[in-house]
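>>> Any chance you could fold what I've pasted below:
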Amino acid sequence: MTNEERLDSLKKRLTPKMEAAVRAAMDSGRLPHSIMSTLSGPSLDSMAAGQPLEAVARKYSTVLSSLEAIVMLVGRPPLLIRNDMVVLEPLPDFPEETGSLIQGVQKWVPSVGRLEFRNYDMPWGGTGWVVAHQGNGTVVVTNRHVAKLVAKRKQDGSAVFMRSLAGARYGAAIDFGEEASSQSGDNSRTAELVHIEYLADDTSADIALLRIETADFTLPTPLELINDNDRLAKDDLVALIGYPAYDSRNDADAQARYFRDLYEVKRFAPGKILLPPENGILTYDCTSLGGNSGSPLIRLEDGKVVGLHFSGIYGKANTAVSAKTIAALLNGERPISVLMQAAREEAKDGSHPAEHFNNREGFSTQFLEGEVGAAVVSTPWPRLPQRLSEDLAKPSDNPPEPFELRYTHFGVKYSAILKLPLITAVNIDGGATVRIKRGVEKWFVDERIPRSIQLGESNFKDAEIDRGHMVRREDPNWGDAAEAQKANDDTFHYVNAAAQHSRLNQGKALWQGLENYILDSVRTHGFKACVFTGPILRGPDSEEEEIEIDGATVPVEFWKLVATLDSESKALHATAYVLSQGQLIRKLMEDRSRPEALEGMVLGAYRTFQVAITDLVKATGYDFSDYLGADPLTKNPLGQEAVGRGEPLVLPIEELPDIIL
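Next up, the predicted model:
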């Protein structure tokens, strides 16, 4: 039976309006054949009894179950907007006066805009709208999950725009145009969002408030929020104003039919309240897609905002944050969690005089001992290239190892020019570990070298930049309780801290567990290890400069070398690793004219890679010659083949057992 024949069989049992709706849906392709094929048997009986076509389509929504937020396939058209006016279409499932109501509230259309991003890999991310003029600025509201693409909360509960991994600050703007008839490059109604008033945490309502301070045009009138005493009822007429975007996760054909292959432009989507609000949950059936995140849900009766759209489930309902919650935030109310964060105080920096470090022995190069009677295996410091060693800070206590700042079970060699630890070395005794709970962090200056060449709290004001332990806090914490506590405290000196981008921490799970995994491995011996760590700096011939933020050099990659004893031969055993987005790997391949570097290799999230120590030498310029013969990666037959072919030896580590020991 064809669709036309099905329609003929229904004519006697459908109202004229519903017959017209079915035909219009068929003609536009918004009622897919897959759903039309279900219009027989029980579904026809339901329609004959007066059940709306939308309800029948909703019953069979599993046909397009991947579609995220379209609640009904017909009867809820996402109307286009041109020149701030809604382009009306037939609305057979709405009261006759609906068109007039829409025309009466379209004056609020100019107050809604598309949230666009600066220095980010997505040009835009959702919808926002003017909610208030406050002081010298204008407040725009959107969803937390939209703003979090380019912003983050600080420890004190305030929010800031993040930085890219290259150091550029992200930003946001709101474009009140972007209609179907807008011309490419027209930014005449775009205003910069320069400040984040509020960014909800993940346990609070999905809201963000951003501020416009100046604009080259007259900013639109704020939308009005409904009064707390106003009541919404089932079937009240409402509408979403926003920017539905194409979503590749959805059924492409159905989405194209419904939106007529026109996305990312301003639309006005009428609908109805599904249920009266319960416990602040507001549900409705307006048509939306992902770009509608942050759209205002307005009441057609008067154009007042009843909620902030934040999610939808295909075939069921859309959901909004209530206007009451938005009003409370505008009035300065904040969740208790935010207030508690704001009250939190960080410990102020401290300083330790030279005599504080008396009897600190630093890193021992004679730490790895074999079985009883076996010789000690030496683990000397890797040597720095001359261009870096010339700038090392010289401690006032004249250590036996030149330039070593000696601490409990570890040492640091520190650049006076870069204000950065160039290499750290730590002795780890896994059999004598003492667990020390992390307390309030307090960082210290080491007065054995000038204060002026050390970092401090002023260098870490940026929310994206963390104090990154080079010698991780747990590694030197062994021996008796007092000794372990002293080692723990020693790691909180600024000379042991490298400025690290906060998103680097997202890839540190495997990196942090390397030492423990190697100590526990049956391939190594004695539960002891010596670990060297350092930043991967851009070389003197590099076209790119080091990233500097708030006066601190921010390395984008780090290396680590772990030395133990082989469990069988009791000889030196050493493996090397990098924490990287892939810059190092690409550079190694390019230097060796490997075409893979140009054939689609992309930089991804931070990951841990095992690398050949020979490649680590080329990447850093450091002299690791004492460890080259102890690398199992180059002893592996496939590793030897890679060396013979001139191919970098790089092993992505997805889980710790991937390591070649």
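>>> Grab the nearest non-local neighbour of Arg448.
Excluding the flanking residues, the one nearest Arg448 by Cβ to Cβ, 6 or more residues apart in numbering is Pro395, at 4.2 Å. C-beta here means a position set from N, CA and C on the backbone, and glycine is covered the same way.
>>> Give me the neighbour count for Gln103.
The tally of other residues near Gln103 (other Cβ atoms under 10 Å) stands at 12.
>>> I'd like the next helix or strand past the strand or helix carrying Ala425.
In this structure, Ala425 is located in strand 420-429 according to DSSP states H and E. Moving toward the C-terminus from strand 420-429, the next helix or strand (DSSP H and E) is strand 444-446.
>>> how about the helices in the stretch 451-600 of the chain?
With DSSP state H, counting those that start in this stretch applied, the stretch 451-600 of the chain shows helices at 481-490, 508-520, 583-591, listed in chain order.
>>> In JSON lines, list those along with mean neighbour count and distance to Val412.
Below are the helices of the stretch 451-600 of the chain laid out as JSON lines (neighbours: other Cβ atoms under 10 Å; distance: least, Cβ to Cβ, whole Å):
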{"stretch": "helix 481-490", "mean neighbour count": "18", "distance to Val412": "10"}
{"stretch": "helix 508-520", "mean neighbour count": "17", "distance to Val412": "17"}
{"stretch": "helix 583-591", "mean neighbour count": "19", "distance to Val412": "23"}
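>>> Export the ones you listed to a markdown table and append columns for mean pLDDT and distance to Thr614.
Formatted as a markdown table, the helices of the stretch 451-600 of the chain follow (pLDDT from 0 to 100; distance: least, Cβ to Cβ, whole Å):
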| stretch | mean pLDDT | distance to Thr614 |
| --- | --- | --- |
| helix 481-490 | 95 | 33 |
| helix 508-520 | 81 | 19 |
| helix 583-591 | 54 | 10 |
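>>> Quick check: which of those helices is nearest to Ala159?
Closest to Ala159 of those is helix 508-520 (Cβ to Cβ; 23.6 Å).
>>> how many degrees apart are that closest one and strand 420-429 in direction?
Comparing the axes of helix 508-520 and strand 420-429 via axes from the mean of the first three to the mean of the last three Cα atoms, to 10 degrees yields an angle of 40 degrees.
>>> Run through the neighbouring helices and strands of helix 508-520.
Judged by 3 or more Cβ pairs under 8 Å, 6 or more residues apart in numbering; DSSP states H and E, the packing partners of helix 508-520 are strand 524-535, strand 558-566, strand 572-580, strand 607-611.
>>> switch to 10 Å and redo it
Here helix 508-520 touches strand 420-429, strand 524-535, strand 558-566, strand 572-580, strand 607-611, strand 650-653, going by 3 or more Cβ pairs under 10 Å, 6 or more residues apart in numbering; DSSP states H and E.
>>> before we move on, the earlier item: wait, doesn't the residue nearest to Arg448 sit right on Ala416?
No: Pro395 is not in contact with Ala416 according to Cβ atoms under 10 Å; the separation is 11.2 Å.
>>> low pLDDT regions in the stretch 301-450 of the chain?
Within the stretch 301-450 of the chain, the stretches with pLDDT under 70 are 314, 341-346, 370-374.
>>> could you pull out the helices for it?
Using DSSP H, counting those that start in this stretch, helices in the stretch 301-450 of the chain cover 323-330, 336-343, 386-389.
>>> which one of those helices has the most crowded surroundings?
Comparing the helices of the stretch 301-450 of the chain by mean neighbour count (mean count of other Cβ atoms under 10 Å), helix 323-330 ranks first with a mean of 20.
>>> how far out from the middle of the chain is that helix?
Distance, stretch centre to chain centre, for helix 323-330: 27 Å (Cα atoms, centre = their mean, to the nearest Å).
>>> Show me the beta-bridge partners of Gly271.
Val238 (DSSP bridges).
>>> whoops, Ile549 was the one
Residues in beta-bridge contact with Ile549 (DSSP bridges): Ala552.
>>> repeat for Ala425
Applying DSSP bridges, one finds that Ala425 bridges with Gly411, Phe532.
>>> surely it meets Lys560?
No: look at Ala425 against Lys560 with Cβ under 10 Å: they stay out of range, at 11.1 Å.
>>> and the two? which has more neighbours close in?
When Ala425 and Lys560 are compared for neighbours, Ala425 comes out ahead with 29 against 20, by other Cβ under 10 Å.
>>> any idea how far Tyr170 is from the more buried one?
37 Å (Cβ to Cβ, to the nearest Å).
>>> contacts for stretch 351-358?
With contact meaning Cβ atoms under 10 Å, 6 or more residues apart in numbering, stretch 351-358 is reached by 395-397, 405-408, 444-449, 451, 454, 456, 489-490, 493-494.
>>> Next, check those against the strands and list the overlap.
Those of these mapping onto strands are 405-406, 444-446, per DSSP state E.
>>> re earlier: and the helices of the stretch 451-600 of the chain as TSV, adding distance to Glu568?
Shown next, in TSV, are these (distance: least, Cβ to Cβ, whole Å):
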stretch	distance to Glu568
helix 481-490	31
helix 508-520	16
helix 583-591	31
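>>> closest one to Gly315 among those?
helix 508-520 (37.7 Å).
>>> Tell me the gap between the closest one and the middle of its chain.
24 Å.
>>> same question, stretch 470-481
With Cα atoms, centre = their mean, you get 31 Å for stretch 470-481.
>>> Identify each buried residue in it, please.
Neighbour-count burial for stretch 470-481, counted by 16 or more other Cβ atoms under 10 Å, picks out 470-479.
>>> Can you list the low-confidence ranges for the stretch 501-650 of the chain?
If you take pLDDT under 70 as the line, the stretch 501-650 of the chain has these spans: 505-507, 522, 541-544, 581-604, 639, 641-646.
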